[in-house]
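*Asks:* sequence first, then the predicted structure, then my questions.
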Amino acid sequence: MSPVAGNYLGVPGYVIFWALFAVASGLFFRRVYFLIRLLRLGRPENRFDRPGHRFINMLKAAFTQSTNLKTVTLRDPAAIGHAFMFWGLGIFLIGYIVFIGLGSGFGLFPVPSGSGFETAFFSVLDVAGILVIVAMVWVVVKRYIIGPERLKREATTAEKIVQPLLIIVIIGLMALHYFIEGFGYAAYGVPDAWPPVGVALANSLTDVSHDSLMMIFKSLWWLNYIIILGAVIYAPRSKHLHPLFSFPNFAFKNLAPKGSLRQVDLNKPETLRISTIKDFTWKQLLDGYACTWCGRCHAACPARATGKPLSPRELILGMKEQLIKAGPGLLEPGLAKPGKSPVGDIISEEAVWACTTCRACQEVCPACNEPMNTIIDLRRHLQMVAATETGRDTLKNLRVRGNPWRGTTFARTDWAEGLGIKIIGEDSRVDVLYWVGCTEALEARSLKVARAFAGLMKQAGVNFGILGEEEMCCGDPARRLGAEHIFQVLATNNIQLLSSYNIKKIVTACPHCFNTLKNEYPQLGGRFEVIHHSQFIADLFRENRLKIGQAREALVTYQDPCYLGRYNDVYQAPRQVLRSIPGTTLVELEPNRRDGFCCGGGGGRMWLEENAGQRINEMRLGQAMDTRASIIATACPYCLQMFEDAARGKDAGGRVQIRDIAELVAGASGVTV
C-alpha cells in the first residue's frame with residue numbers, strides 16, 4: 001500500500017501530500033516570478049529569433065552536457081563528474097515525477113507491485129544513484145582535498161555551511177532511495193532479483209517484523225518527500241541558481257557569428273549608458289543566474305593569470321548580487337534609489353581595460369555566459385558616455401589618420417615598392433583583393449610579412465591587387481576599445497569603397513581584419529568572401545602552385561591567434577602550412593588551439609600600456625621557450641609584435657626567431673623579402 005493512501009491522525013495521506021505540494025509549489029513559483037521580474041528590469045535584447053533552433057540547442061546542450069564536457073582535460077576532468085551528477089539527478093527527477101507526482105508502486109495511483117515497468121525503472125534509479133554518489137564523492141575530493149585555484153572564492157559564513165550541507169543532502173537523498181526500496185520490498189515482498197540494491201537490502205531485513213518494516217518504510221518515504229519539497233523551495237533562494245536558469249541561457253545563447261559584437265544604434269546614445277544594474281540587457285543579467293561558480297573563466301583569463309584585477313567570474317556574479325540587492329527597490333519606483341555605477345561598484349575601471357578580448361572566458365563557460373561582451377559594453381559606456389583617457393591617442397589616430405599607429409614614417413604603399421603590385425584604383429581587374437591592414441602596411445617589422453605574402457601570391461600566379469592609400473583601418477581597435485562611433489564610420493566608408501570596386505573576395509594576413517570584415521561588416525551591409533592568409537597559402541600548397549625548395553631543419557612551434565582560432569575556429573590551416581615546409585618539425589605550444597593563451601595584444605591592448613602584474617606577452621613567450629623550438633611561428637601581426645617586444649625585453653632574440661608563416665614559406669620558396 002502506498003504511504004499516501006494511509007491516514008495520519010485522521011488526516012488522509014492524499015490531503016497531506018497535496019497540501020505540502022501546493023505550499024512548496026507556491027513558494028517556488030513566487031520566488032521564480034520575482035527573479036524573472038528582476039531580469040525584466042534589464043534593457044531589451046532580441047534573443048527570440050529562430051525559436052525552433054534555440055529549443056533544439058537547449059536540449060542538446062543540456063542533455064548531452066556538451067558545453068560542460070568540452071572543458072575536460074587530463075589535468076581537470078571535473079566536468080565528467082558534473083555530467084554524471086546531472087544525468088543521475090535528471091533520472092531521479094523523472095522518477096520523482098512518475099512515482100510520486102503521478103504515482104506508481106509507492107505513489108498515488110499504484111501500479112501492481114512487481115510489474116516489469118516498476119522493476120526496470122527502479123533498476124535504472126539504482127544505477128543512477130550510484131553515479132550520483134560517485135560524482136558527489138569526486139566533488140568532495142576536488143573541492144576540499146585537491147582544491148583547484150578556480151574554485152577558490154571568498155565566501156560568507158552561511159555559504160561555507162551551506163555548500164557541504166548540499167553535498168550531504170544529495171548523498172542523503174540517494175541513500176534514502178535505497179532504504180525506501182529495501183524496506184518497501186521487505187514489507188510487501190521481494191518481487192524479483194532486480195533492482196539490485198533495493199532487493200539486496202530487502203533480503204537483509206528478513207529478521208525485522210512486518211509492522212516495523214511498514215513504519216520505517218512510510219517514515220522514510222515521507223522524509224524523502226519533505227526533503228525534496230524543501231529543495232524545491234530552497235533552490236530559487238540559494239546562491240546557486242544555475243540548475244534553474246542554465247536551460248534558458250542555453251536557449252538564448254548568441255546565434256550570431258562568434259566573432260561579432262552586439263550592434264548598437266548610434267541614434268540612441270542613451271542605450272550605451274550603464275549607470276545602474278538595470279542598464280544591462282536582460283540576457284546579461286540572466287548570465288548571473290546561470291553562472292555555475294565553476295571558475296573556468298577565472299582560470300582561463302590571461303589578464304587574471306598575469307596579476308591583473310580582472311575576473312570574468314567576479315563580474316558575472318557581482319552583477320547577479322547587485323541585481324538581487326538593488327532589484328527589489330527598482331521594482332517599486334517609489335522606493336528606488338539611484339544605486340552605484342557598475343564601473344566602480346561591480347568591476348573596477350582598471351579591470352575593464354585589462355581584458356584582451358581573447359574570448360577564452362566565453363569559450364570555456366559551460367553555461368554559455370558572455371562576460372567578454374559585457375566588458376565591451378562597459379567600455380562603450382566609458383568611451384561614449386563617461387570621461388576616460390584610455391586609448392585616447394589611438395582613437396584620435398583612427399579618427400584623423402585612419403590608422404592606430406602614431407609616429408609611423410611609412411605610407412601605406414611603401415612596403416610594395418618594386419614588387420609591381422596592382423592598385424585597385426588604377427586597375428580593378430583582379431580576382432582577389434589583398435587587404436594589407438594597418439600594422440603590416442605601416443609598422444617596420446610587419447612590412448616584411450606583407451612583402452613575403454605578396455611574393456608568394458605572385459609566384460603562384462594569383463591575380464590580386466591592393467587598395468593602397470585608399471585602405472583605412474577595418475575598425476577593430478576602435479570597436480574593441482568601445483568607440484563604436486569610430487568603428488561604424490570606418491566600416492561604413494570601407495564598405496562603400498569595396499562595393500564601388502565590386503570586390504567579392506578578400507584575403508588578409510591579420511586575424512583582426514579577417515574577423516571584422518567577415519563577421520562584423522555584414523551588420524552594416526558589407527558581405528564579402530574573406531579568407532585568412534593561412535587558409536589561402538594552404539590552398540596554394542594543395543594546388544601545387546608554390547615552388548618549395550629544401551629548407552633547413554628547424555623545430556617550430558605555433559601560436560594560435562585568438563581572433564583566428566577561438567573566434568573563427570581556424571586551427572588546421574596554419575599547421576598544414578607549417579607541415580608543408582620541408583625540414584620543419586612542428587611542436588605544439590601549450591596550451592594551444594581552443595585553450596590557447598593570448599599574446600596580450602587584442603582588445604586594443606596593442607596600443608595601451610600594461611603596468612599591473614606580469615606582461616601577458618612575456619608569459620606566453622616563456623611558454624614558447626619551454627618547447628625548445630628555434631622558431632616561433634605566428635599568423636597574426638599582433639602576435640608577431642607582442643612576441644618581438646617580449647623577446648627584446650627578455651633578451652631572447654638570439655635564442656629564438658619569431659616569424660610569420662608567410663615569411664617561413666617565402667624563405668622555402670625562394671621569395672625575396
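*Replies:* Cool, got the structure. Numbers count the residues shown, from 1 in each chain.
*Asks:* residue boundaries of the strands in the chain?
*Replies:* 7-8, 11-12, 422-423, 432-435, 464-466, 505-508, 529-532, 554-558, 584-588, 631-634, 657-660 (DSSP state E).
*Asks:* what are the pairing partners of the second one, and which direction each?
*Replies:* Sheet pairing for strand 11-12, assigned by DSSP bridges, gives strand 7-8 (antiparallel).
*Asks:* which residues does the partner strand contact?
*Replies:* Identification of contacts with strand 7-8 by Cβ atoms under 8 Å, 6 or more residues apart in numbering yields 13, 16. Any C-beta I mention is one placed from the backbone N, CA and C, and that applies to glycine too.
*Asks:* how far is that strand from where the chain is centred?
*Replies:* 53 Å (Cα atoms, centre = their mean, to the nearest Å).
*Asks:* same check on stretch 481-500?
*Replies:* 28 Å.
*Asks:* which positions within it qualify as buried?
*Replies:* Residues of stretch 481-500 classed as buried under the neighbour-count rule (16 or more other Cβ atoms under 10 Å) are 481-491, 494-495, 497-498.
*Asks:* just stretch 341-351 next, same as before
*Replies:* Here stretch 341-351 shows 341-343, 346-347, 349, 351 as buried, counting by 16+ other Cβ under 10 Å.
*Asks:* from the residues you listed, which has minimum pLDDT?
*Replies:* Minimum pLDDT for these is recorded at Ser341 (80).
*Asks:* residue contacts, it?
*Replies:* Contacts of Ser341 by Cβ under 8 Å, 6+ apart are 274-276.
*Asks:* cutoff 10 Å now
*Replies:* 273-277, 279, 349, 378, 381, 386 (Cβ atoms under 10 Å, 6 or more residues apart in numbering).
*Asks:* for Val169, same thing?
*Replies:* Per Cβ under 10 Å, 6+ apart, neighbours of Val169: 162, 227, 230-231, 234.
*Asks:* farthest pair in those?
*Replies:* Val162 and Ile227 (14.9 Å; Cβ to Cβ).
*Asks:* the more surrounded of the two?
*Replies:* Counted by other Cβ atoms under 10 Å, Val162 and Ile227 do not tie: Val162 has more neighbours, with 17 against 14.
*Asks:* quick one: Ala647 and Phe245, what's the gap?
*Replies:* 46 Å (Cβ to Cβ, to the nearest Å).
*Asks:* cool, Val436 as well?
*Replies:* According to Cβ to Cβ, Val436 stands 46 Å off from Phe245.
*Asks:* the more surrounded of those two?
*Replies:* Here Val436 and Phe245 are compared on neighbour count by other Cβ under 10 Å; more neighbours surround Val436, at 29 against 21.
*Asks:* can you tell me the closest non-neighbouring residue to the more buried one?
*Replies:* Leaving aside its sequence neighbours, Val436 sits nearest to Ala450 (Cβ to Cβ, 6 or more residues apart in numbering; 5.5 Å).
*Asks:* so what's the residue count around that neighbour?
*Replies:* Per other Cβ under 10 Å, the neighbour tally for Ala450 reads 28.
*Asks:* show me what contacts it?
*Replies:* 414-416, 419, 421, 434, 436-437, 439-443, 466, 509, 637, 660, 662, 673.
*Asks:* narrow these to just the buried residues.
*Replies:* 415-416, 421, 434, 436-437, 439-443, 466, 509, 637, 660, 662.
*Asks:* from Glu644, how far out is Ser630?
*Replies:* Note on Ser630: its distance to Glu644, by Cβ to Cβ, is 16 Å.
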